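[1] With the sequence up front, the predicted model follows.
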Amino acid sequence: MVTINDMKTIQFSQLGDERGHLVVIEGEKDVPFDIKRVFYIYGSDEKVVRGQHANRITDFVLINVSGTSKVRVVDGNENQYVVNLDRPHYGVYLPHMLWKDMYDFSPDSVLLVLASTHYDGSEYLRSYDEFLKEARASE
Ligand code: TYD
């Protein structure tokens with residue numbers, strides 16, 4: 001079973017100089033998968049909870065490139081971990097089969113998400129009970 005111990009926070013190198021900062025993320029080097037998809041979430045306020053799903057196949061890296069948000073991750077044993085995404089050079093690697101809630105978005109939050117697959121809605125588990133059942137069956 002995938003557990004919250006399989007998550008990993010990532011500190012990206014900042015290639016800054018007097019002109020400002022630059023962060024480079026290369027697939028299979030700076031993140032542990034080949035990047036197939038990029039999307040970003042903005043305009044969500046502090047009352048919104050996004051995510052609320054698990055993915056059977058896709059691994060993700062989340063980075064707040066502007067502003068801040070939090071992600072709560074739950075595994076099939078119902079152990080939880082909360083990551084504060086609060087720096088543009090800091091991310092979290094979330095392997096597949098972990099339940100995710102994103103919340104506490106600051107008004108300037110831009111949450112960048114790198115994904116290991118192209119989008120396929122059928123690999124999403126949007127029922128928490130179904131997620132627990134499938135996660136526990138994979139023990
Ligand atoms: P959703 O998964 O609900 O967003 P979040 O996890 O951030 O709360 O996605 C919102 C809509 O966007 C939904 O209709 C599916 C669609 N979508 C895509 O078409 N491709 C994608 O890569 C993603 C992440 C979502």
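    In hand now; what should we look at?
[2] Every contact and neighbour count from this point should use C-alpha atoms.
    Fine.
[3] Look up the closest residue to the residue nearest to the spatial centre of the chain, ignoring the ones flanking it.
    The chain has residue 62 as the residue nearest its centroid, 3.7 Å off, counting by CA atoms, centre = their mean. Sequence neighbours aside, residue 113 is the residue nearest to residue 62 in space, at 4.7 Å (criterion: CA to CA, 6 or more residues apart in numbering).
[4] who does that neighbour bridge with?
    Note on residue 113: beta-bridge partners by DSSP bridges are residue 39, residue 62.
[5] Against the ligand, how distant is it?
    8 Å (CA to the nearest ligand atom, to the nearest Å).
[6] doesn't residue 40 make contact with that residue?
    Yes. When contacts are counted by CA atoms under 8 Å, residue 113 is listed as touching residue 40 (5.7 Å).
[7] Please say which of those two ends up with more neighbours.
    residue 113 (19 against 14; other CA atoms under 10 Å).
[8] Report the contact partners of the more buried one.
    Listed by CA atoms under 8 Å, 6 or more residues apart in numbering, the contact partners of residue 113 are 38-40, 60-63.
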